[in-house]
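1. Sequence first, predicted coordinates after that:
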There are 2 protein chains.
Amino acid sequence: MRDVAIVGAFQTKFGELWDKSFRDLVVEAGIGAIYDANMGGDDLDSMYIGNMSGGLFVGQEHIGSLIAEHSGLTPIPSTRVEAACASGGLALRQAIMAVASGFYDNVMAAGVEKMTDVVDATPAIAAASDQEWEAQQGVTFPSLYAMMARRHMYEYGTTREQIAGFAVVGHKNGALNPKAQFQREISVDAVLNSTKVASPLNILDCSPVSDGASAVIVCPAEDAKKYSDTPIYVKASTQASESIALHSRKSLTTIESTVLASRKAYDIAGVTPKDIQVAEVHDCFSINGLLAIEDLGFFEKGKGGQAIEDGEIERDGTIAVNPSGGLKARGHPLGATGIAQATEITLQLRGDADKRQVDGAEVGITQNIGGTGGTAAVHILSRDL
Amino acid sequence: MRDVAIVGAFQTKFGELWDKSFRDLVVEAGIGAIYDANMGGDDLDSMYIGNMSGGLFVGQEHIGSLIAEHSGLTPIPSTRVEAACASGGLALRQAIMAVASGFYDNVMAAGVEKMTDVVDATPAIAAASDQEWEAQQGVTFPSLYAMMARRHMYEYGTTREQIAGFAVVGHKNGALNPKAQFQREISVDAVLNSTKVASPLNILDCSPVSDGASAVIVCPAEDAKKYSDTPIYVKASTQASESIALHSRKSLTTIESTVLASRKAYDIAGVTPKDIQVAEVHDCFSINGLLAIEDLGFFEKGKGGQAIEDGEIERDGTIAVNPSGGLKARGHPLGATGIAQATEITLQLRGDADKRQVDGAEVGITQNIGGTGGTAAVHILSRDL
């Protein structure tokens, strides 16, 4: 198999983008990535689109064809990939596989979600859980993650303040990211005093409803210097499944799909968590950020809360987590998130992350999950091949 | 890249299956394919699921995780692929790429749709067209295909009877297929006198609303004899895009994505249409079957109607088209169709198609399209490597 590099990356502003349609957003991201790669559209051989629920949010399926048409990229193959909030991560993975295999050379992986065109986004988001066995019984995502938070507090003595701290770090970084939905800092007190959603989680523990898109372009590593002075190399791309329903799991405090996918990724890349300086993890809720830094092996299970409290995940800490602001502050247009994570790590490793740059970032990781962890995708990226 | 073989294939009965849920259907198909391949679930390394709109039909996205759980196949990667009615064909293609590349050895490609759990399937089906620029303006799929039919009649003198003839052939074959939704013959007169849907198309020109699932298992060709006495080899797997909106096309009577994908497939496989004995084509409407046999190069553009009238597409004709009954008679659970086509060709090439067996079938082709042809997937399968 061939080595693969990222040579173009772009993210639209995330937010409540009333003046931009689904197709506008993804075309903006795609063109941004093509320009960033110093390519023309003719250079692309295939594309993958991560999107969770065009059907429920905007009544649109057949998204590959729609986007190929509106990007002027027909007749190249254009394939939509879906795994709830991990749709972007899986689209990136398919693009990497398409290049690694030799099927195609230059492939775009884009992600998009337009979530604000419905009166209530909750039913669409609930489609990421087990509809018949979870959603129809009344559980929502905040309530599922609330159970995980309670159990983590019970098992490990994690404090409410430590969980809130993850959101605080995200906002601190997001304040420096001009593409972030929320560009302002918040305090632990603000999180604790914000509106209750599902105890113990408050509104400031929750990622927002967002519109946005992101795109990256991958090509064979041997061609990468043609398109970029600082290509970023894909050292590992892994994926694992777990039961979609939380009640089927052995543990509420470990997301097994993340553990399995990340261990395999470390093995393939030949690195350990200590070799990684920067991470973008899936904090759809603050507790999930905390679980991620444990499940990825940055900190021992049960010690994530203390690590947050001790400032270890800040940009100048042991490992910089979510320098983009993460899902909480950058925003979480579901299908776009996995690609936005890869875009941020690409910028960080290039040294192009401006005010939020992590010093000395050489190796980075992304962790993108669907639902409560029914799917996990992990990518390890590096400045060096 | 490695050569790839199909070593397992299974289709559930298609129809209005009120007693079977979405998850029941796909698990039944998956287990059927695993048994057919003489494997156990532990032998599988990854899976792809073709599904058009779990979101709009049953409120379920995150389908890969759902199915991995209910098939007992966690933690293997499980990825849903969507391209409207071509979802199955693209899922098969991703599975083939995953094996050809060396990423995985044994991979399942399944397809599923549960369409009868909604009061009206039309809005969900409309999501395969351009929602904002077609569906919201009032056009439906029957009306889009009706325009294509009218134009074909105008340009080439194709008769209404010739178009109806495609559905008649499908029902003749479907009457011999115990898995088909409709197992009875119809006449040209019956088609012409059935309820008008969108002139010139009547209800018997239209494929039905169906529930069903299908699955195949692919593996490296070099391992195929471990699992099957008669592995069927993948000679080509291709895909092309076209504008999703019919009004953006140069022609209403040629589906360019089929033309491009099939020409590339013939080139890769080193065959011509004359080398093919059996075809499963995408007759969501009778006119689309007629377009397919022209666009695939079996007959000259404009001569498809005469070929149907002359019996050339019957099982004992020049080329046997849709021996399964096709979308019209076998049924059309959208995401399952592409996999069901591959299942039928696999059975035909093995010589296992019972009463509907096409004599001397050595090489077969599937053509699976999304919407009005915004996506096309073509596979050429053969008894010989």
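-> Great, that's in hand.
2. Quick check: which element contains A:A261?
-> helix A:256-269 (DSSP states H and E).
3. anything in that helix sitting right up against chain B?
-> Yes: with C-beta under 8 Å from any C-beta of the partner chain as the criterion, chain B is reached by helix A:256-269 at A:E256, A:S257, A:L260. C-beta: built from backbone N, CA, C; applies to glycine.
4. Top of those by number of neighbours, please.
-> A:S257 (31 neighbours; other C-beta atoms under 10 Å in any protein chain shown).
5. List the contacts of the residue in the stretch 251-385 of chain A positioned nearest to chain B.
-> Taking C-beta to the nearest C-beta, chain B has its nearest neighbour within the stretch 251-385 of chain A at A:G374, 3.0 Å off. Taking C-beta atoms under 8 Å, 6 or more residues apart in numbering or on different chains, we find A:G374 in contact with A:83-84, A:128, A:241-244, A:257, B:62, B:64-66, B:68-69.
6. In the stretch 201-350 of chain A, mark out all the strands, start to finish.
-> In the stretch 201-350 of chain A, the strands defined using DSSP state E, counting those that start in this stretch lie at A:201-202, A:211-220, A:232-241, A:278-280, A:320-321.
7. ok, now the stretch 1-150 of chain A?
-> Going by DSSP E, counting those that start in this stretch, the stretch 1-150 of chain A shows strands at A:4-11, A:46-50, A:78-82, A:107-114.
8. Distance to B:E344, mean neighbour count and mean pLDDT added to the ones you listed, as CSV?
-> Formatted as CSV, the strands of the stretch 1-150 of chain A follow (distance: least, C-beta to C-beta, whole Å; neighbours: other C-beta atoms under 10 Å in any protein chain shown; pLDDT from 0 to 100):
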stretch, distance to B:E344, mean neighbour count, mean pLDDT
strand A:4-11, 36, 27, 98
strand A:46-50, 27, 30, 98
strand A:78-82, 23, 32, 98
strand A:107-114, 31, 31, 98
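9. how about TSV for these, with distance to B:R249 added?
-> Shown next, in TSV, are these (distance: least, C-beta to C-beta, whole Å):
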stretch	distance to B:R249
strand A:4-11	30
strand A:46-50	20
strand A:78-82	16
strand A:107-114	23
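10. among these, which is nearest chain B?
-> strand A:78-82 (4.5 Å).
11. returning to that earlier point: list the buried ones in the helix holding A:A261?
-> Within helix A:256-269, the residues scored as buried using 16 or more other C-beta atoms under 10 Å in any protein chain shown are A:E256, A:S257, A:T258, A:V259, A:L260, A:A261, A:S262, A:R263, A:K264, A:A265, A:Y266, A:A269.
12. isn't A:I34 right up against A:G8?
-> Yes: if you go by C-beta atoms under 8 Å, A:I34 and A:G8 touch, sitting 6.4 Å apart.
13. list residues touching both of these two?
-> A:I217.
14. where along the stretch 1-150 of chain A do the helices fall?
-> Here the stretch 1-150 of chain A has its helices, by DSSP state H, counting those that start in this stretch, at A:22-36, A:54-58, A:63-70, A:87-100, A:122-126, A:141-156.
15. which residues does the nearest residue to A:G374 once chain neighbours are set aside contact?
-> Leaving aside its chain neighbours, A:G374 sits nearest to B:S65 (3.0 Å; criterion: C-beta to C-beta, 6 or more residues apart in numbering or on different chains). Neighbouring residues of B:S65 by C-beta under 8 Å, 6+ apart: A:A83, A:A84, A:S241, A:E242, A:S243, A:I244, A:G370, A:G371, A:G374, A:T375, B:T74, B:S78.
16. ok, the second one to chain B distance?
-> Read it as A:A84. Distance of A:A84 to chain B, given as C-beta to the nearest C-beta, to the nearest Å: 4 Å.
17. Tell me, how many residues neighbour that residue?
-> 28.
18. do the same with the third one
-> A count of neighbours around A:S241, defined by other C-beta under 10 Å, yields 30.
19. And the pLDDT for it?
-> Looking at A:S241, its pLDDT is 98.
20. Mind checking which residue lies nearest the centre of chain A?
-> With distances taken as C-alpha atoms, centre = their mean, A:G338 lies nearest the centre of chain A, 3.3 Å away.
21. who touches the closest residue to that one other than its chain neighbours in this structure?
-> Nearest residue to A:G338, sequence neighbours excluded (C-beta to C-beta, 6+ apart): A:G88, at 2.7 Å. By C-beta under 8 Å, 6+ apart, A:G88 lies in contact with A:50, A:109, A:111, A:214, A:335-342, A:368.
22. Quick check: the nearest residue to A:T346 once chain neighbours are set aside vs A:I345, distance?
-> Nearest residue to A:T346, sequence neighbours excluded (C-beta to C-beta, 6+ apart): A:A9, at 4.3 Å. The gap separating A:A9 from A:I345 is 9 Å, by C-beta to C-beta, to the nearest Å.
23. Also A:F298?
-> 15 Å.
24. which one of the two has more residues nearby?
-> Comparing A:F298 with A:I345 by other C-beta under 10 Å, the one with more neighbours is A:I345, at 30 against 23.
25. The more buried one against A:V363, yeah?
-> No: the criterion here is C-beta under 8 Å, and A:I345 misses it with A:V363 at 9.3 Å.
26. Now the common contact residues for these two.
-> Counting by C-beta under 8 Å, 6+ apart, the residues touching both A:I345 and A:V363 are A:V278, A:L381.
27. Quick check: pLDDT value at the residue nearest to A:G338.
-> pLDDT, A:G88: 98.
28. same deal with A:S248?
-> 95.
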